[in-house]
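> Sequence first, predicted model second:
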Amino acid sequence: MFLQSKTNYDKLMSFKSFSKTIVDKPSNTLTKLFVLAFLSGVIVLLLPWTQNIKSTGTVSSIRPNQRPQQVNSIIAGRIEKWYIRDGQKVEKGDTLLKISEVKEEYLDNSLLERTRDQLNAKIDAIEFYGQKADMATQQELALNESMALKLEQTQNKLKQYTLQLESDSMNYVAANNQFNISTEQLNRQKQLYAAGLKSLTELEQKQQYLQDALNKKISAENKFLNGKNELLNIKLELLAVEQQYYEKIAKTDGERFSALSQVSTTKGEVAKLKNQYANYKKRQTFYIITAPQAGQVIQSVKSGIGETVKEGENLMQIVPEKYDAAVEMFVTPLNMPLLNLGQRVQIQFDGFPAIIFSGWPDASYGIFEGEIMAIDRSILPNGNFRVWVKPEEEKAWPDNLRFGTGAKTITLLNDVPLFYELWRQINGFPPEFYTPKTATTKEKNEN
């Protein structure tokens, strides 16, 4: 069998085409290809690879006053007229629409004038009450002067009657002494008459003297007692004068304090009316809704004439034309510790084609550069942290970027060999952490 196969092979080799096709010596092409592939793979695995964190975000602005702003109605009202349309560009202070009142307490067209009249009436009342208090003060001064004069007059009268009483007391004592002397003389006269030494005429004369002395005594005593009663009456009159004038002064004080209290109460009412008037006047300025900033009007919520709006209800949005663009990207808590201020970020904006090699950032095309400028310290409701990225100075971002444009971000980390990156991905290890130059410089300066 082997000899027959050898014979057939020799016959075939006699053909020229067969001899060129079949070669006796073995080929090493496959080995070369395998070696070449192996060496290429090793070279590729040794190539540098930039570790990165991929995330998404939107175009926004770090300044709140440069973001899309809602235009709200401060008061409830009814739309009367529109002055703009969607997509129209407006300047700050331009009139957007006009509304009218719907609450019954503000429907009076003369509300400001009537409130002003009430305010003026209260101001006049303050003046009248003030004059009343001044008159009460003047009346009190007059009463005090009159009381002083009356008391002085009564005290003078009291002194006069006190002296008169002293004189009456002395007269009474003298009359009483004269009566006692007359009584003793009459007694002696009676003894002498009984002894026959004095005549009846002399006795009767002594009796007449005693009667005169008794009359004088009684008269002096009556005058003295009347003087005491009069002095007591004058003292009572003095007390009555003081009590009378004190009551009048107290009444005048009460009227003055009442007037001053009315002044204070009316001042409070005036202040309340002034506040109310200012509120009414300020409220009328809310009927015209103006643009808070320059920009383009979008998303008008209400339409038509006659629709009612609530307090604080959103009417439309205004997007500013000029703003400092920044990317608001959202990073998971797992990757959050790897980020630092000043870290380099590559960005692909929606609508701008790009060729991306995430591991070789310098080979990417159509990518825009940025750096981290702020990192929120609190987590958002969506479970991610917000990170703000600003443009780099070397390459400006497109001028026609719009708010809300989507962005895919690649935060660049450390450079490692490709085989290490594959090994890390297979084992699920975190990327290599590094500190950017700007952060390092800042830490050195702080130290």
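Cool, got the structure.
> Going by C-alpha atoms from here, please, whenever you check contacts or count neighbours.
Fine.
> Which parts of the stretch 101-250 of the chain are strands?
Using DSSP state E, counting those that start in this stretch, no strands are found in the stretch 101-250 of the chain.
> Any stretches of it with poor pLDDT?
197-198, 203 (pLDDT under 70).
> now do the stretch 301-447 of the chain
358-360, 363, 414-415, 421, 425, 427-447.
> Let me see the ranges of the helices in it.
418-427, 437-446 (DSSP state H, counting those that start in this stretch).
> Report all helices and strands that the first one contacts.
Helices and strands touching helix 418-427, as assessed by 3 or more CA pairs under 8 Å, 6 or more residues apart in numbering; DSSP states H and E, comprise helix 29-46, strand 48-61.
> and among the ones you listed, the most buried is which?
Comparing the helices and strands packed on helix 418-427 by mean neighbour count (mean count of other CA atoms under 10 Å), strand 48-61 ranks first with a mean of 20.
> Run the chain-centre distance for the helix or strand following that one.
Reading on from strand 48-61 to the C-terminus, the next helix or strand found by DSSP states H and E is strand 69-72. Its chain's C-alpha centre lies 22 Å from the corresponding centre of strand 69-72 when counted by CA atoms, centre = their mean, to the nearest Å.
> What strands line up against the helix or strand just after strand 69-72, and which way round?
Heading C-terminal from strand 69-72, the first helix or strand you meet, by DSSP H and E, is strand 77-82. Strands that pair with strand 77-82, judged by DSSP bridges, come out as strand 95-100 (antiparallel), strand 308-309 (antiparallel).
> Show me which positions of stretch 241-255 end up buried.
Val241, Glu242, Tyr245, Lys248, Ile249, Thr252, Asp253, Glu255 (16 or more other CA atoms under 10 Å).
> before we move on, back to that, including mean pLDDT, could the helices and strands packed on helix 418-427 go into a markdown table?
Converted to a markdown table, the helices and strands packed on helix 418-427 look like this (pLDDT from 0 to 100):
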| stretch | mean pLDDT |
| --- | --- |
| helix 29-46 | 76 |
| strand 48-61 | 84 |
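> now those in CSV, with distance to Lys190?
Listed next are the helices and strands packed on helix 418-427 as CSV, based on distance: least, CA to CA, whole Å:
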stretch, distance to Lys190
helix 29-46, 173
strand 48-61, 142
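> Mind checking the ones you listed for the one nearest to Leu186?
Closest to Leu186 of the helices and strands packed on helix 418-427 is strand 48-61 (CA to CA; 137.0 Å).
> distance between that closest one and the chain's centre?
Centre to centre, stretch against its chain (CA atoms, centre = their mean), the figure for strand 48-61 is 41 Å.
> Only alpha carbons, please: show it as PDB.
The C-alpha trace of strand 48-61 is given here as PDB (Å, rounded to 0.1, in the frame of the first residue of the first chain):
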ATOM      1  CA  PRO A  48      -0.300  53.900  28.000                       C
ATOM      2  CA  TRP A  49      -3.900  54.100  28.900                       C
ATOM      3  CA  THR A  50      -5.600  57.100  30.500                       C
ATOM      4  CA  GLN A  51      -8.100  56.000  33.200                       C
ATOM      5  CA  ASN A  52     -11.300  58.000  33.100                       C
ATOM      6  CA  ILE A  53     -14.700  58.400  34.600                       C
ATOM      7  CA  LYS A  54     -17.600  58.700  32.100                       C
ATOM      8  CA  SER A  55     -20.700  60.600  33.100                       C
ATOM      9  CA  THR A  56     -23.500  62.800  31.500                       C
ATOM     10  CA  GLY A  57     -24.600  66.300  32.100                       C
ATOM     11  CA  THR A  58     -26.200  69.400  30.600                       C
ATOM     12  CA  VAL A  59     -25.100  72.900  29.600                       C
ATOM     13  CA  SER A  60     -26.000  75.500  32.200                       C
ATOM     14  CA  SER A  61     -24.400  78.400  34.000                       C
END
